[in-house]
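In: Prediction below, plus the sequence it came from.
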Amino acid sequence: MHLGAFSASLSVKDLEVSREFYEALGFNVHAGAAESRFYIMKNGNAIIGIFQGMFEGNILTFNPGWDEDGKPVGEFSDIREIQADLQAKNIELIATVDGVKPGPGRVMLKDPDGNMVLLDQHV
């Protein structure tokens, strides 16, 4: 099972202050905008998303079907296959995707310590 590109999604108090902070660490804005209340930032293969007022807490995010530049990859594990594998392992899912249609979908779960994990397929 390949989960796709990984990023940390951070809930921030002040989007611009956080953008400036991560730019000082060598990150550059890859996507997003102030009016959208988020930026996706990259430093080499490291990816973080900073989001203001969109969710509580921080989330580990995986994007099946995407590479680290947000571009589609050839072959990948579809979100429905990943969901079926997790369910077969008796992992509790907070949100599931329709098992019939191909394409975009989301699955959410928490790790044993309560950290949110988002599997977010866009293709």
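Out: Here it is on my side, so go on. Everything quoted here is computed from the prediction, not taken from an experiment.
In: Could you use CA atoms for every contact and neighbour count after this?
Out: Noted.
In: Checking the spatially most central residue of the chain next. Helix, strand or coil?
Out: The central residue of the chain, meaning the one whose C-alpha is nearest the mean C-alpha position (C-alpha atoms, centre = their mean), is residue 61 at 2.7 Å. When the structure is reduced to helix, strand and coil (DSSP: H, G, I helix; E, B strand; the rest coil), residue 61 reads as strand.
In: Nearest spatial neighbour of it, chain-adjacent residues omitted?
Out: Here the nearest residue to residue 61 in space, its sequence neighbours aside, is residue 118; by C-alpha to C-alpha, 6 or more residues apart in numbering that works out to 4.8 Å.
In: mind checking the backbone torsions on the one you found?
Out: Backbone torsions for residue 118, taken as degrees, to the nearest 10, come to phi -120, psi 130.
In: thinking the residue nearest to the centre of the chain is in contact with residue 4, fair?
Out: No. Because the distance of 9.4 Å does not satisfy C-alpha atoms under 8 Å, residue 61 is recorded as not touching residue 4.
In: one step back: tell me the contacts of the residue nearest to the centre of the chain?
Out: 6, 7, 8, 9, 117, 118, 119, 120 (C-alpha atoms under 8 Å, 6 or more residues apart in numbering).
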